[in-house]
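S.K.: show me the folded form of this:
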Amino acid sequence: MKRILLTGGGSGGHIYPLLAVAEKLQGNDLRYFGPKDAWSAYMLQASIPVSGIAKAKLRRYFSLLNSIDGIKFAYSILQALIKVAAFRPHVAFSKGGPGALPVLFACHLYGIPIIIHESDSVAGLTSRVTGKWAKIVEVAWNEARVFFPNKDVRRVGIPLRSALIKNKESIHDAKTAMECEPEGLPVLLVIGGSQGSERINNFILENLVELLTKFQIIHQTGSVNYESHMRLYETAKSALTMELRNRYHPYAYLENKMGTAYRAADCALSRSGSALFELAAFGIPAVLVPLPEAAHDHQRANAYAYAKTGGAVVIEQENFLSAIVIAELEKIMQPEMHAKMSKAAIMFAPQDATERIAEDVQSATK
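M.R.: Numbers count the residues shown, from 1 in each chain. As a prediction, the model looks like this:
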């Protein structure tokens, strides 16, 4: 039995892949090192002990907060040096994000083999730094290889939770479970990443009448935005008939219903983070609206790299207008186009990322 250190955090895009790999590593001594927050609670739910590491933000611009975070970062390194020495892991696997850098720095100093996974086509700052120490770099996109010269880089895709990919319910049953009419209008799944997207949420509210005349909508608003979104919806729904209201299904966070929502969806409107690979795994044609403020503009790079495969179309945020979006969604739902895009999506996403990463972690030795 190996002692395996898991690190990374700050969003579902970091935590869920860690949990997916952890499922395949059962029987080993697993420990999570990272920020103690709402996301680390998912580790505890999976019976993985959590060792808290202070979170310090790495800013690429001048801010007085950098001095405060500099102190936090120094403290996090001290924490990591002590806690890693006490755990004495045989190997460390990282998904990046807040808290990962000090942990992997400590592992590097102690000579512990490191494996990292980068989800985006443009590698993040943490991955660029820690990739220099890594024995193996796993990437989701071939485009990310250039950021890790002279390293053992393996394109594996993104690890997906078994609860998602093992979902075997029929499309009819999935739509029924999500309170959609199985034989009704197409189901549009709207997601803005695990944190939600206020811009996409507002777009849906501003165009509810027109959208609901053409689609049933399953909408993940994000937990932070849900209450304010629902207050605005209370006003907006006065313009809706009861029939249209019954076609709109907002959720703060789909979580355990995510697999069912994917099975129910005919098309999607989404940001272009790691959820893109989940859409691809289910063969869901998508309209992608990349977040302009994303670090290193990685969402735009992700969106266009994916669109080249034929599984999605991209609409830049400045062109995020109802006429353009609805026209693209209607085009996607044409039977021949829908079948073509669905097939392209499925072919894009590797189905064995979780197994391959787990095998690499198991085989790494100190």
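S.K.: which element follows the helix or strand where residue 33 lies toward the C-terminus?
M.R.: If you go by DSSP states H and E, residue 33 is part of strand 29-34. Following strand 29-34 in sequence order, the next helix or strand is helix 40-45 (DSSP H and E).
S.K.: mind listing the strands whichever helix or strand comes after that following helix pairs with, and their directions?
M.R.: In the C-terminal direction, the helix or strand that comes right after helix 40-45 (DSSP H and E) is strand 50-52. Note on strand 50-52: by DSSP bridges, its sheet partners are strand 29-34 (parallel).
S.K.: quick check, residue 130 in contact with residue 114.
M.R.: Yes - in terms of C-beta atoms under 8 Å, residue 130 counts as a neighbour of residue 114; the distance is 6.8 Å. Bear in mind the C-beta positions are built from the backbone N, C-alpha and C, glycine included.
S.K.: joint contacts of the two?
M.R.: Contact criterion C-beta atoms under 8 Å, 6 or more residues apart in numbering; residues shared by residue 130 and residue 114: 94, 104, 108.
S.K.: my read: residue 79 touches residue 105, true?
M.R.: No - Residue 79 is beyond contact range of residue 105, at 11.3 Å (criterion: C-beta under 8 Å).
S.K.: follow-up on the earlier one: okay, and which of the shared contacts of residue 130 and residue 114 map to strands?
M.R.: Among the shared contacts of residue 130 and residue 114, the ones falling in strands (DSSP state E) are residue 94.
S.K.: and of the shared contacts of residue 130 and residue 114, the nearest to residue 322?
M.R.: For these, the residue nearest residue 322 by C-beta to C-beta is residue 94; the value is 40.9 Å.
S.K.: who's in contact with the closest one?
M.R.: Neighbouring residues of residue 94 by C-beta under 8 Å, 6+ apart: 6, 7, 8, 100, 103, 104, 114, 115, 116, 117, 130.
S.K.: run through the bridge partners of it.
M.R.: Residues in beta-bridge contact with residue 94 (DSSP bridges): residue 7, residue 116.
S.K.: and the pLDDT for it?
M.R.: Per-residue confidence (pLDDT) for residue 94: 97.
S.K.: and stretch 308-328, how far apart are its ends?
M.R.: Stretch 308-328 has an end-to-end distance of 16 Å (C-alpha to C-alpha, to the nearest Å).
S.K.: and what of stretch 43-50?
M.R.: First-to-last residue span, stretch 43-50, C-alpha to C-alpha: 7 Å.
S.K.: ok, residue 124 to residue 131 distance?
M.R.: Noted for residue 124: a distance of 10 Å to residue 131, by C-beta to C-beta, to the nearest Å.
S.K.: okay, the two: which has more neighbours?
M.R.: A direct count of neighbours by other C-beta atoms under 10 Å for residue 124 and residue 131 places residue 131 higher, at 24 against 21.
S.K.: give me the domain ranges for this structure.
M.R.: According to automatic domain parsing, the chain comprises the domains 3-157+351-363, 164-348.
S.K.: contacting residues around the least confident helix or strand in the chain by mean pLDDT?
M.R.: The helix or strand of the chain with the lowest confidence, counting by mean pLDDT, DSSP states H and E, is helix 162-165 at a mean of 80. The contact list for helix 162-165, computed with C-beta under 8 Å, 6+ apart, reads 20, 23, 256, 258, 259, 262, 278, 281, 351, 354.
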